[in-house]
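>>> Please work out how this folds:
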Amino acid sequence: MKNPNNPCLFCNIKSNDYALKNDLAYVSYDSYPVTKYHCLIIPNRHIKDYFDLSNDEIIACNQLIKEIKEEILKNDKTVKGFNIGTNIGKVSGQSIFHCHFHLIPRREGDVVNPQGGVRSVIPNKQHYKRKK
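All right, here's what the predicted structure looks like:
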């Protein structure tokens, strides 16, 4: 199996694989999508994770998140929500050690009970009862 970190998969992407880009970051569709139009927002600079981003890089990534969200909504009227996430460190599930954000479009009925959303990274913590 090829190691996506040597050389870094995100540092060696072909320019025709960009869905969108700006001076500091780019968007690419995920090779193993959770849902249709699942994409990655990736800073150009090779850094480990979110906490290493400069403020300008955070703004650039956020701008692309908003732009690709609008493009997805324009192309797929069934999208009714999104999850945004980033894995920081091996124990959180990070497997490519170049900072990136997942934007995952969500559709009505794509899971039986979506309550808890990103909390499902620890499955028995996803569903909860609110305290009165």
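
>>> hmm, who's touching stretch 7-15?
Tyr26, Ser28, Leu40, Ile42, His46, Ile96, Phe97, His98, His100 (CB atoms under 8 Å, 6 or more residues apart in numbering). All C-beta atoms are positioned from the backbone trio N, CA, C, and that covers glycine.

>>> The helix or strand containing the first one pairs with which strands, parallel or anti?
Secondary-structure assignment from DSSP states H and E places Tyr26 in strand 25-29. The partner list of strand 25-29 in its sheet, established with DSSP bridges, is strand 20-21 (antiparallel), strand 39-43 (antiparallel).

>>> So for Leu53, which of those strands sits nearest?
strand 39-43 (6.3 Å; CB to CB).

>>> which regions of this structure lie under the pLDDT threshold?
Counting by pLDDT under 70, the ranges of the chain that qualify are 1, 125-128.

>>> Give me the residue at the spatial middle of it.
The C-alpha lying nearest the average C-alpha coordinate of the chain belongs to His102 (CA atoms, centre = their mean; 0.6 Å).

>>> hang on, the earlier thing: hmm, which of the contacts of stretch 7-15 are the buried ones?
Neighbour-count burial (16 or more other CB atoms under 10 Å) is assigned, among the contacts of stretch 7-15, to Tyr26, Ser28, Leu40, Ile42, Phe97, His98, His100.

>>> Reformat those residues as TSV; add distance to Val34.
Shown next, in TSV, are the buried ones among the contacts of stretch 7-15 (distance: CB to CB, whole Å):
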residue	distance to Val34
Tyr26	20
Ser28	15
Leu40	11
Ile42	17
Phe97	20
His98	19
His100	14
